[in-house]
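# here are the coordinates; sequence isn't available:
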């Protein structure tokens, strides 16, 4: 049940808001937990119960890790169990298939369905246990609150990835952080509507263009069509995932739980390092805090620092999916991050902004080909076809894919992904501003809401891309 689905927009969300705000404060955590459980049950009873058990186990781990005389190796056990759960459901098929290619019949390929939100809540579970063990946060003594931290329906599907310390105070329904006044509720509606518009009006439409290109053998496509299809995918992915994140922020505000920002106009970046500080911000912060720093971070020699960065970006690629193309995606970015650390960033700082920005676009576009192709082999064929500027098979022309409406939408999507906001600071401020919108702003939001609902009810609904991760 995605946020842009008819069931969520017309049944689940209105009912959750009504019950939550009509009941007294002391009942609100129970209401949110119940609706979060229902949201997860929609995706499957077995996996919803698994998430509930996961929360209960981590509640017990937290209490045990806070004791001065905790058993030795308890934190390592908690982390290993979380990673084992993730590996079993997400990577068993990948590892088994590759091992069987070398040793036929060595392992069965189970082809397990990925539980809703597994990649996100396992990382939250690890961060909770580590922070408690370090003494940075007190353990949560109320299991319902810990369940809400892990499973709140606004973020359980695709993040943002939360740290317990940032949420602890607001998990008390009587706290000041939980209070929802008219301005906060209006801000939540604005962010939700903007996210809905990103998803339904831009991302879902550009998916048609990318799907047509990715669904055709790259060896037979002309280079301009390949460029067009994967450029559309880069824009589609941004609007799909940042749209989800906007909707998560908006939902959190409506229920009094502030979600961290996950995107900060990443396509305005001038380096790969800057891009990753602006794209999927909470994932990058998690890897810095719980992998990069423990490896030594930047406190080591330059070669060791580069090795640490490569490890982090390989892990980032693997986190995104159990396929060689995601490992290539991570390695590609890791290599450029290392190059920037070795001196390329100083050169980029001296170059005109347009030149350094072009560098970033080119590097990221190659990465998005790895990410959006139907497998590593097709990604390499597509990149080779673009570099060789291949003509493509007879009958395959750019005109076959260049629908004028989609081209116009792609151009608008590129412009609104940061350039327009950079040139119009007032628009930038309005999009993120917490003040209640005036009459003109409210009219724009109403039009976007109606257009988004029309798209959702027209049978064009597609799941968020990050649901598969």
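Alright, I've got the coordinates. Every value quoted in this text rests on a predicted model; they were computed, and no experiment measured them.

# C-terminal to the worst-scoring helix or strand of the chain on mean pLDDT, what's the next element?
The helix or strand of the chain with the poorest confidence is helix 425-432; it has a mean of 87 (mean pLDDT, DSSP states H and E). Counting by DSSP states H and E, the next helix or strand C-terminal to helix 425-432 is helix 439-457.

# and the angle for that next one with helix 425-432?
For helix 439-457 against helix 425-432, the angle by axes from the mean of the first three to the mean of the last three CA atoms, to 10 degrees is 60 degrees.

# which residues are in contact with helix 439-457?
4-6, 9, 189-190, 193-194, 196-197, 199-201, 204, 430, 437 (CB atoms under 8 Å, 6 or more residues apart in numbering). C-beta coordinates here come from the backbone N, C-alpha and C atoms, glycine included.

# Identify the farthest-apart pair in those residues.
6 and 430 (28.9 Å; CB to CB).

# Point out where the stretch 251-400 of the chain drops to low pLDDT.
Filtered on pLDDT under 70, the stretch 251-400 of the chain yields no residues whatsoever.

# quick one, helices of it?
Remark: helices assigned in the stretch 251-400 of the chain by DSSP state H, counting those that start in this stretch are 272-278, 281-287, 293-295, 302-320, 324-339, 345-350, 353-372, 376-387.

# how about those helices in JSON lines, adding mean neighbour count and distance to residue 57?
JSON lines is the format used below for the helices of the stretch 251-400 of the chain (neighbours: other CB atoms under 10 Å; distance: least, CB to CB, whole Å):
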{"stretch": "helix 272-278", "mean neighbour count": "20", "distance to residue 57": "32"}
{"stretch": "helix 281-287", "mean neighbour count": "21", "distance to residue 57": "20"}
{"stretch": "helix 293-295", "mean neighbour count": "13", "distance to residue 57": "23"}
{"stretch": "helix 302-320", "mean neighbour count": "18", "distance to residue 57": "22"}
{"stretch": "helix 324-339", "mean neighbour count": "21", "distance to residue 57": "28"}
{"stretch": "helix 345-350", "mean neighbour count": "13", "distance to residue 57": "43"}
{"stretch": "helix 353-372", "mean neighbour count": "18", "distance to residue 57": "33"}
{"stretch": "helix 376-387", "mean neighbour count": "18", "distance to residue 57": "36"}
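
# Would you state the helices of the stretch 1-150 of the chain in chain order?
Under DSSP H, counting those that start in this stretch, the stretch 1-150 of the chain gives helices at 6-7, 13-22, 28-43, 45-65, 74-102, 118-133, 143-151.

# nearest to residue 386, of these?
helix 74-102 (27.2 Å).

# and the closest one, average pLDDT?
The predicted model assigns helix 74-102 a mean pLDDT of 91.

# Please identify the buried residues of it?
Using 16 or more other CB atoms under 10 Å as the test for burial, helix 74-102 gives 75, 78-79, 81-82, 85-86, 89-90, 92-94, 96.

# Is residue 86 in contact with residue 120, as I believe?
No. Counting by CB atoms under 8 Å, residue 86 stays clear of residue 120, with 10.3 Å between them.

# any idea how far residue 153 is from residue 12?
As for residue 12, its distance to residue 153 is 8 Å (criterion: CB to CB, to the nearest Å).

# neighbour count winner among these two?
The neighbour count for residue 12 versus residue 153, taken as other CB atoms under 10 Å, is higher for residue 153 (26 against 19).

# Does that one lie in a helix or a strand, and which?
Using DSSP H and E, residue 153 is not contained in any helix or strand.

# residue contacts, it?
Applying CB under 8 Å, 6+ apart, the residues contacting residue 153 are 16, 32, 35-36, 39-40, 251.

# Just flag the most distant two among the residues you listed.
Greatest spatial distance among the contacts of residue 153 (CB to CB): 40 and 251, at 15.1 Å.

# quick one on the thing from earlier: identify the contacts common to residue 12 and residue 153.
With CB under 8 Å, 6+ apart as the test, residue 12 and residue 153 both reach 35, 39.

# right, and out of the contacts of helix 439-457, which lies closest to residue 112?
The shortest approach to residue 112 among the contacts of helix 439-457 belongs to residue 5, at 24.1 Å (CB to CB).
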